[in-house]
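**Student:** Fold the following and give me the result.
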Amino acid sequence: MDLERALTDIRAIRSQMARSSAFRGYGPLTFALTGVLAIAASLIQGYALPVPQHGFLAYLALWCGTALIACSFICVEMVVRSRRAHPGMATEMVEACVMAFQSLSATFGEERAAAEQSAKLGPMLSEDYTSARRIFLEDLAAR
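**Tutor:** Residues are numbered from 1 along each chain as shown. Just a heads-up that it's a prediction; the model follows:
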């Protein structure tokens with residue numbers, strides 16, 4: 001019983017250490033590859049889809065495919081760097097990064113929904129609310 005409790009405590013400590021560790025970002029190769037990938041996609045779009053409205057599904061497929069490839073580069077880099085920098089806590093660090101990303105995407109998802117709602121209301125919003133909302137979004141973006 002004491003051994004199980006000790007192992008549980010050790011897992012909790014390792015998880016807390018991984019959450020409090022700073023992820024030092026992506027390597028220069030991944031950063032460059034995602035930039036080159038985006039430039040390549042924009043060139044393809046410029047030549048193959050000059051008017052995205054006429055080929056919306058192809059446009060969507062191009063950019064979703066680009067995002068999927070970029071995300072795979074980033075995921076591989078995240079796992080490799082975490083294992084190299086923190087061999088004992090690699091799994092915990094990757095889990096902490098994924099949880100932070102999910103939290104961030106949920107926050108921005110709520111903000112996007114609120115922005116869409118306020119865009120529908122448009123001029124009906126009071127000036128004070130619009131001003132406070134703009135300040136809040138600027139503060140959120142600065143974080």
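**Student:** residue contacts, the closest residue to residue 38 other than its chain neighbours?
**Tutor:** Beyond its immediate neighbours in the sequence, the residue positioned closest to residue 38 (C-beta to C-beta, 6 or more residues apart in numbering) is residue 66, lying 6.6 Å away. Just so you know, the C-beta spots here come from the backbone N, C-alpha and C atoms, and that holds for glycine as well. Residues in contact with residue 66, defined by C-beta atoms under 8 Å, 6 or more residues apart in numbering, are 37-38, 41.
**Student:** At which residues are the helices of this protein located?
**Tutor:** The residue ranges that make up the helices of the chain, judged by DSSP state H, are 2-20, 28-48, 56-85, 90-121, 127-142.
**Student:** Count the neighbours of residue 81 for me.
**Tutor:** Around residue 81 sit 19 other residues, with neighbours defined as other C-beta atoms under 10 Å.
**Student:** Not counting sequence-adjacent ones, nearest residue to it?
**Tutor:** Of all residues beyond its chain neighbours, the one nearest residue 81 is residue 27 (6.4 Å), with distances taken as C-beta to C-beta, 6+ apart.
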